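*Asks:* Mind looking at a prediction? Sequence and model below.
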Amino acid sequence: MTATGFGPSLAGRRDEEFAEFVSTRSGWLRKVAYLLTGDWHRADDLAQATVTKLYVRWHRLGGVENVDGYARQTLVNSFLAERRSPWARVLLGRGENGGDGPPPVVPQPDLDAVLDLRRALAELPPRQRATVVLRYFCDLTVEQTAETLGCTPGTVKSQTARGLDALRRVLTPDSEPTATGGGTS
Amino acid sequence: MNDWDTDTAGLEARLAEGLLALADAPAPCSGVDAARARAQGLRVLRRRRIALGATAAAVASAVALGGVALAGTTGSAHGKADQPAASATAKASGRHDPLTQGVEFGWLPAGIQQGTIQDTEWDGQAFTAAGSASTPGVMASVQLKGHDFVVDTPSPIHPAMHAVPGPLVHGRPSHWMVDQGGRSYHGGEYILRWYLPDGRGAQVLLAGAKLGEATARATALRVAENLRFPAAPEGTPLPYYVTGLPAGEHLVSVSFVQHTAGLGRPWQVSAAYTTRNAADWQSTAGGEIDWQIAPHVAGKPLMGGDRCVTRDGLDLCVEGGGPALEAVGGLDGLLNKITVLGTDPAHWTTEVNR
């Protein structure tokens, strides 16, 4: 559709760019959302909410070099905001993914380990879980993770250490907790 | 020994591999939709333009109207049974309670009791009531929204919702929020929204997949019809007070959680403040400070804090970052501003921010 006869209008171009971004990046956003929420339906909601927020700000993102980073930050902030809600507390009370059934994972050799990890992630506090996902799935540095979460690198280090320790404890019930330190920010 | 019982480097490698496998596992078809995001985004932009002139008044009203309380199945103030009376002098002295009780349940299903009372800058005041062991899987939540809440429009957090006309609530039209197929949201969340006479929005959410649709809808409606909205909400007594928060720090969220199975403790209080622009809750610029307080449980550290202490039988953990943390003198400065009041609710206070 053309507004002037010389090509799409500015709004039209923005919409095309936005549609292309969602087309190419929503799968990745959805995976990050799934690791945060442990549930594909809630991951869809979270990813959809994220791209909606991106649309609202799309006209101001022209100067943003790292739109992926901005999208990731929006997703994580939306997740943390939702986790603070009272309803999330109740969901935690029945096991964060209770009622939704197991994810549709097909049989594979390491199925048990994958499901164990999903359950272990669900036991981490939301901010710690976000830190672990950003560091080890999104492959962000400590500094990039700190920027995404709006905290100091020291906090990321301590959250990471606590997260790793907690995962080790949950996944190997006989293991001893390690000293993780604190107050590093 | 299993794969996870290894040194840190090994654990990090195993974790990266495991997260990749988990994310790459076969999944349902994606529900993410650019056209729907665009349509919803345009509605948000339109609402913002309309609301621009009224924002200050709406925010002031939301703050003044206070929070949410929970009553028991008998219609009395069940949630107050183990709490002292609110202090009438709090507002007069300039001290205040960030968690006020703007709603009371007049009726709840048997076996359901108070869970969370919470106030957030982005989602209004809310509380939840969760089922006991005798009523597993049944939960109720009431949220009191601001004047800018649109009852028939999904929030950005749950864009897959759709509104369909509901019954009259207190004589006023309501909407059920359902999924795209017209079923209860998330396969068992019955959400009823309506406007109060003063223009604020209210929402009852009942999780009751096991109840069946007719019973769940009737239960949600009965909860809604029996809600009470006190004209002068009281503060919720909390087990701490905080002194000398800089004027630039404003509330992000505060919650009092109890009777929640996943908590692992009788109760927990959390609060978060920030120095960033209040209108941009999505931003992390400015950073946040937050703290959590809960009864000490030996061998079970309170998770999520950068620095923790145990005082008067309570664990107090603080964390934060950015200008918000700098403004209070770092983690030690923040710890010094918070005084915990022990495990006996008789000693708690409604003069929380001093």
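*Replies:* Everything's here; your move. Quick caveat, the model's predicted, so the values are computed rather than measured. Numbering: from 1, shown residues only, chains lettered A, B, ... in the order given.
*Asks:* Please report how far whatever residue of chain A ends up closest to chain B lies from A:D44.
*Replies:* Closest residue of chain A to chain B, Cβ to the nearest Cβ: A:G150 (2.6 Å). Bear in mind the C-beta positions are built from the backbone N, C-alpha and C, glycine included. Here A:G150 is placed at a distance of 25 Å from A:D44 (Cβ to Cβ, to the nearest Å).
*Asks:* any idea how far B:L11 lies from A:L171?
*Replies:* In terms of Cβ to Cβ, B:L11 sits 9 Å off from A:L171.
*Asks:* Ok, B:W107 next?
*Replies:* Shown here: B:W107 relative to A:L171, a distance of 44 Å by Cβ to Cβ.
*Asks:* neighbour-wise, which of those two wins?
*Replies:* Between B:W107 and A:L171, counted using other Cβ atoms under 10 Å in any protein chain shown, A:L171 has the larger neighbour count: 21 against 17.
*Asks:* That one touches A:A120, doesn't it?
*Replies:* Yes - here A:L171 reaches A:A120: they are 5.3 Å apart, a contact under Cβ atoms under 8 Å.
*Asks:* quick check, B:A163 in a strand?
*Replies:* Yes - assessed with DSSP: H, G, I helix; E, B strand; the rest coil, B:A163 lies in a strand.
*Asks:* What residues are bridge-paired with it?
*Replies:* B:M177 (DSSP bridges).
*Asks:* Make sure it is actually in contact with B:W176.
*Replies:* Yes - here B:A163 reaches B:W176: they are 7.3 Å apart, a contact under Cβ under 8 Å.
*Asks:* Of the two, which one has the most company?
*Replies:* Remark: of B:A163 and B:W176, B:W176 carries more neighbours, 22 against 17, as counted by other Cβ under 10 Å.
*Asks:* Break chain B into its domains for me.
*Replies:* For chain B, automatic domain parsing gives the domain ranges B:35-234, B:238-347.
*Asks:* Lowest average pLDDT across those?
*Replies:* Per-segment mean pLDDT for the domains of chain B reaches its minimum on domain B:35-234, at a mean of 68.
*Asks:* Might you calculate how far stretch B:266-273 sits from the centre of the chain?
*Replies:* Taking Cα atoms, centre = their mean, to the nearest Å, one finds stretch B:266-273 lying 10 Å from the centre of the chain it belongs to.
*Asks:* For the helix or strand where B:L11 lies, list every residue counted as buried.
*Replies:* Assigned by DSSP states H and E, B:L11 belongs to helix B:8-24. The neighbour-count check on helix B:8-24 (16 or more other Cβ atoms under 10 Å in any protein chain shown) flags B:11-12, B:14-15, B:18-19, B:21-23 as buried.
*Asks:* Give me the most central residue, chain B.
*Replies:* The geometric centre of chain B, computed from its C-alpha atoms, lies nearest to B:Q118 (Cα atoms, centre = their mean), at 4.1 Å.
*Asks:* all helices of chain A, in order?
*Replies:* A:10-37, A:40-57, A:67-83, A:86-93, A:111-122, A:126-136, A:142-149, A:153-171 (DSSP state H).
*Asks:* and chain A, what are its domains?
*Replies:* Following automatic domain parsing, one gets these domains for chain A: A:1-104, A:106-185.
*Asks:* By mean pLDDT, show me the worst of the ones you listed.
*Replies:* Note on the domains of chain A: domain A:1-104 shows the lowest mean pLDDT, a mean of 70.
*Asks:* Let me see the ranges of the helices in the stretch 201-350 of chain B.
*Replies:* All helices of the stretch 201-350 of chain B, identified by DSSP state H, counting those that start in this stretch, fall at B:213-225, B:322-326, B:330-337.
*Asks:* chain center to the longest one: distance?
*Replies:* Taking Cα atoms, centre = their mean, the mean C-alpha location of helix B:213-225 is offset from the chain mean by 22 Å.
*Asks:* Same check on stretch B:97-117?
*Replies:* The answer for stretch B:97-117 is 12 Å, by Cα atoms, centre = their mean.
*Asks:* For B:W194, grab phi and psi.
*Replies:* Here is the backbone geometry of B:W194 (degrees, to the nearest 10): phi -160, psi 170.
*Asks:* B:P266 touches B:Q258, doesn't it?
*Replies:* Yes - between B:P266 and B:Q258 there is a contact under Cβ under 8 Å: 6.3 Å.
*Asks:* quick one: which of these two has more around it?
*Replies:* Neighbour count, other Cβ under 10 Å: between B:P266 and B:Q258, B:Q258 has more, with 19 against 14.
*Asks:* which ones are touching the nearest residue to B:V252 once chain neighbours are set aside?
*Replies:* Leaving aside its sequence neighbours, B:V252 sits nearest to B:A272 (Cβ to Cβ, 6 or more residues apart in numbering or on different chains; 4.1 Å). By Cβ atoms under 8 Å, 6 or more residues apart in numbering or on different chains, the contact set of B:A272 is A:84, B:251-254, B:288-290.
*Asks:* Which member of the residues you listed is positioned nearest B:K337?
*Replies:* Proximity of the contacts of B:A272 to B:K337 (Cβ to Cβ) peaks at B:I289, which lies at 9.6 Å.
*Asks:* can you list contacts of the helix holding B:L11?
*Replies:* Against helix B:8-24 from outside (Cβ under 8 Å, 6+ apart): A:31-32, A:34-35, A:110, A:113-114, A:117-118, A:132-133, A:136-137, A:139, A:164, A:167-168, B:3-4, B:6.
*Asks:* Produce a ChimeraX select command limited to the buried residues of those.
*Replies:* Here is the ChimeraX selection string for the buried members of the contacts of helix B:8-24, based on 16+ other Cβ under 10 Å:
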select /A:31,32,34,35,113,114,117,118,132,133,136,137,164,167,168 /B:4,6
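*Asks:* separation between B:N226 and B:F105?
*Replies:* Note on B:N226: its distance to B:F105, by Cβ to Cβ, is 7 Å.
*Asks:* on that earlier part again, helix or strand: which one has the residue nearest to the centre of chain B?
*Replies:* If you go by DSSP H and E, B:Q118 is part of strand B:112-120.
*Asks:* Next: B:V142.
*Replies:* B:V142 belongs to strand B:139-144, assigned by DSSP H and E.
*Asks:* List the pairing partners of that strand within its sheet, with orientation.
*Replies:* Strand B:139-144 has these strand partners (DSSP bridges): strand B:124-131 (antiparallel), strand B:201-207 (antiparallel).
*Asks:* among those, which is the most enclosed?
*Replies:* Stretch with highest mean neighbour count among those: strand B:124-131 (a mean of 27; mean count of other Cβ atoms under 10 Å in any protein chain shown).
*Asks:* which stretches of the stretch 151-300 of chain B form strands?
*Replies:* According to DSSP state E, counting those that start in this stretch, the stretch 151-300 of chain B carries its strands in the segments B:162-165, B:174-178, B:189-195, B:201-207, B:234-235, B:240-242, B:250-258, B:267-274, B:288-295.
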